[in-house]
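**Q** How does the following fold in three dimensions:
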Amino acid sequence: MRFRGQEFSGKGQTIAIVDSGVDVRDPRLANADVSGMGISMSATAHVLIAGDYADENGHGTEIAAAIHSIAPDAKLLCIKIMDARLRTSADLMAAGIELGARNGAGVINLSLGTPNMGKALLLRDCCALAVEQGAVVLAAAHPKGERAYPADLPETVGVASHPDCPVEKYYYFAPHRFPAKQWGALTGKFLTHGNAILPDGTRGGYRGSGLATAYLSGRAACLREALVGEGAQQVIEVLRQSALTPVPEIGYA
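**A** Sure thing, here's the model as predicted:
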């Protein structure tokens, strides 16, 4: 990623990918520094941590590959919270955020969310803890602009997608320019490319706000490399300043 006349690749940064795990044999990750863990909930609501983070679905691998394409020198910490059918819970999402922050991640990627308002406070507490420890938390917004957490929390960077967004650019719907009464849940969100790109240049099997979040997470890691010593809010503000202003026709995909 080019920033202030220099190229940055996420060197020295750790990105936590809270998703379905990763297939380390994927050729797109051949040169990636990948580690991880799998977490689950016990019958007594305690978090169980295991060493197995193999991807049973493919979604987490697509997310990791998208991030790696933007920040190839960043370390990828894959926290598996979803099974083969991409089922999980807000409690596991919260645990994944906390584990990412506790393991030194400067960027935490959640290409998923929940509409459950009852879990919003739990997720907000975990996101606030992560931000206090210096992490930038990015989360996928609802593809139709409906309520989604943690993307709609003030501590996070909410990301949506649009097919007209090129992979190397991103937009920001500033609240003072795009009032909520006109743009609804899109106000305050970033907008970027949302297709998985395969090595031959063709589109992968996944698309949408989840992939858009991954691309922006890679850029956030590059900015963390460039802005050494700056906190999460400072990095987010630079993201906003670096973003393009969307045209009125751009909205949710």
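
**Q** Every contact and neighbour count from this point should use C-alpha atoms.
**A** OK.

**Q** Strands of this protein, start to end?
**A** Under the criterion DSSP state E, strands of the chain are mapped to 2-3, 6-7, 14-19, 33-41, 47-50, 75-80, 107-110, 136-140, 157-161, 170-172, 190-192, 195-197, 203-207.

**Q** Any chance of the ones you listed in a markdown table with mean pLDDT, mean neighbour count and distance to residue 94 as columns?
**A** A markdown table is the format used below for the strands of the chain (pLDDT from 0 to 100; neighbours: other Cα atoms under 10 Å; distance: least, Cα to Cα, whole Å):
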| stretch | mean pLDDT | mean neighbour count | distance to residue 94 |
| --- | --- | --- | --- |
| strand 2-3 | 90 | 12 | 32 |
| strand 6-7 | 94 | 10 | 33 |
| strand 14-19 | 98 | 30 | 10 |
| strand 33-41 | 96 | 19 | 11 |
| strand 47-50 | 93 | 13 | 11 |
| strand 75-80 | 98 | 27 | 11 |
| strand 107-110 | 98 | 29 | 10 |
| strand 136-140 | 98 | 30 | 12 |
| strand 157-161 | 95 | 29 | 16 |
| strand 170-172 | 94 | 24 | 26 |
| strand 190-192 | 93 | 29 | 22 |
| strand 195-197 | 81 | 23 | 26 |
| strand 203-207 | 75 | 14 | 24 |
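
**Q** C-alpha coordinates for stretch 140-153, CSV please?
**A** What follows is stretch 140-153, C-alpha atoms only, in CSV (Å, rounded to 0.1, in the frame of the first residue of the first chain):
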residue,chain,number,x,y,z
ALA,A,140,-18.5,-6.3,8.1
ALA,A,141,-21.7,-4.3,7.8
HIS,A,142,-25.0,-5.9,6.9
PRO,A,143,-25.2,-6.3,3.1
LYS,A,144,-28.6,-4.6,2.9
GLY,A,145,-27.9,-1.9,5.3
GLU,A,146,-29.7,-3.4,8.2
ARG,A,147,-28.5,-3.5,11.8
ALA,A,148,-25.3,-5.5,12.4
TYR,A,149,-22.9,-5.7,15.4
PRO,A,150,-20.1,-5.0,15.9
ALA,A,151,-20.0,-3.0,12.6
ASP,A,152,-22.5,-0.5,14.0
LEU,A,153,-20.7,0.2,17.2
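
**Q** returning to that earlier point: how about the strands of the chain, which one is nearest residue 121?
**A** Proximity to residue 121 (Cα to Cα) singles out strand 136-140 among those, at 15.4 Å.

**Q** for this protein, what's the longest helix?
**A** Secondary structure assigned by DSSP state H gives helix 209-226 as the longest helix of the chain.

**Q** Show me what that helix is packed against.
**A** Applying 3 or more Cα pairs under 8 Å, 6 or more residues apart in numbering; DSSP states H and E, we find helix 209-226 packed against strand 14-19, helix 59-70, strand 107-110, strand 136-140, strand 157-161, strand 190-192, strand 195-197, helix 232-242.

**Q** Dump it to PDB, keeping only the CA atoms.
**A** Taking C-alpha atoms only, helix 209-226 is exported to PDB below (Å, rounded to 0.1, in the frame of the first residue of the first chain):
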ATOM      1  CA  SER A 209     -18.900  -6.800   2.900                       C
ATOM      2  CA  GLY A 210     -16.900  -9.700   4.400                       C
ATOM      3  CA  LEU A 211     -14.200  -9.500   1.700                       C
ATOM      4  CA  ALA A 212     -14.400  -5.700   1.700                       C
ATOM      5  CA  THR A 213     -13.600  -5.800   5.400                       C
ATOM      6  CA  ALA A 214     -10.600  -8.000   4.700                       C
ATOM      7  CA  TYR A 215      -9.200  -5.600   2.100                       C
ATOM      8  CA  LEU A 216      -9.500  -2.600   4.500                       C
ATOM      9  CA  SER A 217      -8.000  -4.600   7.300                       C
ATOM     10  CA  GLY A 218      -4.900  -5.100   5.100                       C
ATOM     11  CA  ARG A 219      -4.700  -1.400   4.500                       C
ATOM     12  CA  ALA A 220      -5.100  -0.700   8.200                       C
ATOM     13  CA  ALA A 221      -2.100  -2.900   9.000                       C
ATOM     14  CA  CYS A 222      -0.100  -1.000   6.400                       C
ATOM     15  CA  LEU A 223      -1.000   2.200   8.100                       C
ATOM     16  CA  ARG A 224      -0.100   0.800  11.500                       C
ATOM     17  CA  GLU A 225       3.300   0.100  10.000                       C
ATOM     18  CA  ALA A 226       3.600   3.700   8.700                       C
END
